[in-house]
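A.B. asks: I need the structure of the sequence given here:
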Amino acid sequence: MKSHNTSILVLVVLVSILAGFFVYPGNFGSNHLPLRLGLDLIGGSHLVYEVDMSGVDSSDRDFVVAGLRDVIEQRVNLFGVSEPQVVSSQAGDSYRLIVELAGIKEISEAIKEIGSTPLLDFREVVVAEENEEEQYVFIPTELTGRYVSSAQIDFDPTTGAPTVNIEFNDEGSKIFEELTAKNVGKPLAIFLDNNLIEMPNVSERISGGKAQISGGFTADTAKKLVERFNAGALPAPITLVSQQTVGASLGEESLDKAVFAGALGLLAVIVFMLLYYRSFGVFASFALLIYVLLTLAVFKVAPGFTMSLAGIAGFILSIGMAVDANILIFERTKEELKRGLSKISAIEEGFRRAWPSIRDSNISTIITSVILYYFTTSFIKGFALTLLIGVLVSMFSAITVTRSLMRAFIKDRQIKN
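C.D. replies: Residues are numbered from 1 along each chain as shown. As a prediction, this is how the structure comes out:
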């Protein structure tokens, strides 16, 4: 048992050392995979756009906003903006899109591109051969998004597969009928902002102004296509109503203060554990340091993760929660020692009795974090995500690391309580 715990402990220590090199500025981890910082930490621009919904039916507004958000993200990415944050908000009948561009100083061209309404158009497809490979040539037509009345998700009554239904206005119906009659048996390309989003085959001449796109859709892909159709089709222009620039110096000052607060909080927790629990506190402090290194490493490797001031607040809060499990274990252990159990038996019993409380408290925090992440926006999401990651890693450090430490060293040194 002791050799097994020692092996686990050695493995955890080695991984933690590697994590330390990975997260420390200037080492290999920072060069190849730097921690992505938010607008409030490195500066950048905060843009607010008003969406004009006066010409959009109330039932289509959510789809329009979602489609516009998706298009703006694509447009911003064309300018090399790292991890742009695009969120929507609604207050009564007012719809807004909030765009945060971290680290971007000269954004005049980006603002110009973002400020235009998405362009949806239909193009004929000509297949040409070049070097024995098929090449598609797209020929623009006069059928554009302004002729589309709406797009909706439907389901095939036979197979249950998702489909996308498109409806054109009177003028668009005539253009679409002529276009499909001309391209029976051929594909018809659909572009949004000059990006190909779909290329369905025309099976027959379509009259009446209604068409259906089917085949190979999941519910999510069908929904995304509908959002893009509505974003480019319905008259919902966006207007820049607010632009705020956050200086890099302000972001750097905020980052320095946040790092100092985190270091001070970590030191305060370690000092408390050493003074109050003495030898037990050494184990808890060592596990806490491992927790910090592993958590920071997870922040760096997590796809799409961006650290903000709110995220740092969640991380600092999780530091205190990381040692909470150790306190429960140590208090239970002290109770068992008073009952006359040996130190080894008291420690095992302390872990066993403390586990239900640790499990329930952490599960409740995880549930709260998930709810905050999925049902809120902007900085609250950052707080929720860092807290969630912190709690998950803290359960490992408090249970596995602390327990392995105590099992590995309890027989080799006298512990005073």
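A.B. asks: how close does residue 37 sit to residue 316?
C.D. replies: 16 Å (Cβ to Cβ, to the nearest Å). The C-beta positions use only the backbone N, C-alpha and C, and glycine is treated the same way.
A.B. asks: higher neighbour count, these two?
C.D. replies: Set residue 37 next to residue 316 and count neighbours by other Cβ atoms under 10 Å: residue 37 wins out with 23 against 19.
A.B. asks: can I assume that one is in contact with residue 307?
C.D. replies: Yes. Counting by Cβ atoms under 8 Å, residue 37 touches residue 307, with 5.5 Å between them.
A.B. asks: Where does residue 165 fall, secondary structure wise?
C.D. replies: Assigned by DSSP states H and E, residue 165 belongs to strand 162-168.
A.B. asks: what does residue 335 give?
C.D. replies: Judged by DSSP H and E, residue 335 forms part of helix 309-338.
A.B. asks: quick one: the helices in this protein?
C.D. replies: 2-23, 28-32, 39-42, 61-77, 108-114, 170-182, 219-233, 248-277, 279-301, 309-338, 343-375, 379-395, 402-409 (DSSP state H).
A.B. asks: Buried residues in the fourth one, which are they?
C.D. replies: If I follow you right, that is helix 61-77. Residues of helix 61-77 classed as buried by neighbour count (16 or more other Cβ atoms under 10 Å): 61, 63-72, 74-76.
A.B. asks: tell me what it is packed against?
C.D. replies: Judged by 3 or more Cβ pairs under 8 Å, 6 or more residues apart in numbering; DSSP states H and E, the packing partners of helix 61-77 are strand 44-51, strand 85-91, strand 94-102, helix 108-114, helix 219-233.
A.B. asks: For the second one, enumerate the helices and strands it packs against.
C.D. replies: Under the contact criterion of 3+ Cβ pairs under 8 Å, 6+ apart, the helices and strands touching strand 85-91 comprise helix 61-77, strand 94-102.
A.B. asks: residues in contact with that strand?
C.D. replies: 38-39, 65-66, 69, 72-73, 76, 95-100, 102, 306, 377-378 (Cβ atoms under 8 Å, 6 or more residues apart in numbering).
A.B. asks: Give me the angle between that strand and helix 61-77.
C.D. replies: Interaxial angle, strand 85-91 versus helix 61-77 (axes from the mean of the first three to the mean of the last three Cα atoms, to 10 degrees): 150 degrees.
A.B. asks: Name the strands paired with strand 85-91 and say parallel or antiparallel.
C.D. replies: strand 94-102 (antiparallel) (DSSP bridges).
A.B. asks: What residues sit buried inside the partner strand?
C.D. replies: 95, 96, 97, 98, 99, 100, 101, 102.
A.B. asks: what's the closest of those to residue 165?
C.D. replies: Residue 165 lies nearest to residue 95 out of these, by Cβ to Cβ, at 24.0 Å.
A.B. asks: What's opposite the closest one in the beta bridge?
C.D. replies: residue 51, residue 90.
A.B. asks: For residue 395, see how far away it is.
C.D. replies: 41 Å.
A.B. asks: and what of residue 238?
C.D. replies: Relative to residue 395, and taking Cβ to Cβ, residue 238 is found at 44 Å.
A.B. asks: ok so, going back, which of the helices and strands packed on strand 85-91 has the lowest mean pLDDT?
C.D. replies: Among those, helix 61-77 carries the lowest mean pLDDT, at a mean of 76.
A.B. asks: how much does that one deviate in direction from strand 44-51?
C.D. replies: 150 degrees.
A.B. asks: Give me the angle between helix 61-77 and helix 219-233.
C.D. replies: Using the same axes, to 10 degrees: helix 61-77 against helix 219-233 is 80 degrees.
A.B. asks: what packs against the helix holding residue 335?
C.D. replies: Using 3+ Cβ pairs under 8 Å, 6+ apart, helix 309-338 sits against helix 248-277, helix 279-301, helix 343-375, helix 379-395.
A.B. asks: And those: which comes nearest residue 179?
C.D. replies: Among the helices and strands packed on helix 309-338, the nearest to residue 179 by Cβ to Cβ is helix 343-375 (41.5 Å).
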